[in-house]
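A.B. asks: sequence and predicted structure are below.
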Amino acid sequence: MKVKVVANILEANDRIAAENRKKFEEAGVFVMNVMSGPGAGKTSLLEKTIQELSGKVKIGVIEGDIAGADDAERIDKLGIPVVQINTGGGCHLDANMITDVLEDLPPLKELDLLIIENVGNLVCPAEFKLGEDMKVMLLSVAEGHDKPLKYPLMFQESSALILNKIDLLPYTDADIGKMRKDSLSLNPNLKIFEVSCKTGQGITEWTNWVQTLVK
Ligand code: MG
């Protein structure tokens, strides 16, 4: 019985995600769903991405958090249209939450790229489609090299993996070779970037790739 209920929730979500997808396609906006555990650097990546693509790509942002508007305020400071969703305890965004806030952004056809920052969580966000073109995940090297095999779904669902805080590598026991190898064993098509949002290392390689995806 429990399994059936969960299946129905996901099915209902998929239907709404498909409606979002249609809106995004009609507007010609590329939508990226950014996922990670808490503290891996999602908002910092967004800030760096926005700064690097400034004047080249018109960006809008949806921020997802359990509570608070700190992240939306950080994006707002960069002059980018942003809307904050508070899930009030929910550990992920769902398609309906996205539908609800679209009217609080500029018309989608005025945007080239819509970035959705999901709630920090390595499990549930990967299960819920939002209507995005692609999922991207961040893993900071400080989180340890055991994460891909422990949380496989997020790695399987993502098109790109960004290994953040690469500047901290010498201070951790993380084996980045194992991180890469295990991630690719789960998803051979995963595009992997090594970056530091603090020093800026690797950010241009990432944003150059993003630019090739955005029309
Ligand atoms: Mg954040």
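C.D. replies: Right, received. Where do you want to start?

A.B. asks: ok, for Ile16, nearest residue in space, not its chain neighbours?
C.D. replies: Spatial nearest neighbour of Ile16, chain neighbours left out: Ala95 (3.8 Å); criterion: Cβ to Cβ, 6 or more residues apart in numbering. C-beta: built from backbone N, CA, C; applies to glycine.

A.B. asks: the one you found contacts Asn13, doesn't it?
C.D. replies: Yes - the criterion here is Cβ atoms under 8 Å, and Ala95 meets it with Asn13 at 5.1 Å.

A.B. asks: tell me which of the two has more neighbours.
C.D. replies: Shown here are Ala95 and Asn13; by other Cβ atoms under 10 Å, Ala95 has more neighbours (22 against 18).

A.B. asks: for that one, give me phi and psi.
C.D. replies: For Ala95, the backbone dihedrals are phi -60, psi -40 (criterion: degrees, to the nearest 10).

A.B. asks: now do Phe30
C.D. replies: Backbone dihedrals for Phe30, given as degrees, to the nearest 10, come out at phi -90, psi 130.

A.B. asks: and it, bridged to which residues?
C.D. replies: Using DSSP bridges, the bridge partners assigned to Phe30 are Leu113.

A.B. asks: show me what contacts it?
C.D. replies: Residues counted as contacts of Phe30 (Cβ atoms under 8 Å, 6 or more residues apart in numbering) are 24, 112-114, 133, 213-215.

A.B. asks: just the buried ones from those?
C.D. replies: With burial judged by 16 or more other Cβ atoms under 10 Å, the buried subset of those is 24, 112-114, 133, 214.

A.B. asks: so which of the residues you listed comes closest to the ion?
C.D. replies: Ranked by distance to the ion (Cβ to the ion), these are led by Leu114 at 16.3 Å.

A.B. asks: so the most centrally placed residue in the chain, which of the three states?
C.D. replies: Among the residues of the chain, the one closest to the centroid is Val34, at 0.1 Å (Cα atoms, centre = their mean). Secondary structure state of Val34, per DSSP: H, G, I helix; E, B strand; the rest coil, is strand.

A.B. asks: distance of it relative to Lys181?
C.D. replies: Going from Val34 to Lys181 by Cβ to Cβ, to the nearest Å gives 23 Å.

A.B. asks: over to Phe128?
C.D. replies: Phe128 sits 28 Å away from Lys181, going by Cβ to Cβ.

A.B. asks: show me which of those two is the more surrounded one.
C.D. replies: Phe128 (21 against 12).
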